[in-house]
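Peer 1: Would you be able to build a 3D model of this:
(one chain, ligands or ions: 1)
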Amino acid sequence: MTSVPFRSDILSLDPPGLKGGVCTACGAVSFPLRRFCPTCGVLDGLRETLLSNEGVVYSYTIVHQAPPPWQVPYILAYIDLPEQVRLLARIAGVDTSAVYVGMAVQLRLTPWELRDPTSAIEMLSYEFHPKADESAQLTSHDELAHVPAGMTGHE
Ligand SMILES: [Zn+2]
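Peer 2: Next up is the predicted model:
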């Protein structure tokens, strides 16, 4: 099966990532890639750059109504990337009651809901999932909490 991005202007499949623009005049990074820099206004001074695939939840809401075929509820969040880019994206792979401001998340490519199921072309979109080592950290904290006090210190 051939995979294509649902929008080739904002999503790269190889390597996987979101396409932003870096301004050659002021250095600001923005998303999506535009013809002008939203920071300094320079025209035709941006070149394409792949954004970081990891970010942090700035804010979020739980969406309870959406047209088919989207499944509700889902998490819609503002995510801050290290490049000072804040973007709006869906978060999946975590229960709606478990998401929180400050949660570390990472980009993941996912089949687009609106694709034609009879097509041989798979359209890929993107969403963010909790960062892989986030759950591992929670597990290790839980384990530490259950270690008897005398077992953690040195004699
Ligand atoms: Zn600029």
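Peer 1: How is the nearest residue to Ala77 once chain neighbours are set aside assigned, secondary-structure-wise?
Peer 2: Leaving aside its sequence neighbours, Ala77 sits nearest to Tyr60 (CB to CB, 6 or more residues apart in numbering; 3.8 Å). C-beta here means a position set from N, CA and C on the backbone, and glycine is covered the same way. At Tyr60, secondary structure determined by DSSP: H, G, I helix; E, B strand; the rest coil is strand.
Peer 1: okay but Cys26 is in contact with Phe36, surely?
Peer 2: No: contact criterion CB atoms under 8 Å: Cys26 and Phe36 do not qualify, at 11.7 Å.
Peer 1: What's the separation between the residue nearest in space to the middle of the chain and the ion?
Peer 2: Centroid-nearest residue in the chain, with CA atoms, centre = their mean: Phe128, separated by 3.5 Å. Distance, Phe128 to the ion, by CB to the ion, to the nearest Å: 26 Å.
Peer 1: right, and that residue touches Val94 too?
Peer 2: No: assessed by CB under 8 Å, Phe128 is found out of contact with Val94, at 9.5 Å.
Peer 1: Model confidence for Pro15, exactly?
Peer 2: We have a pLDDT of 94 for Pro15.
Peer 1: how about it, phi and psi?
Peer 2: For Pro15, the backbone dihedrals (degrees, to the nearest 10) come out as phi -80, psi 160.
Peer 1: isn't Leu124 right next to Leu11, touching?
Peer 2: Yes: assessed by CB under 8 Å, Leu124 is found in contact with Leu11 at 7.2 Å.
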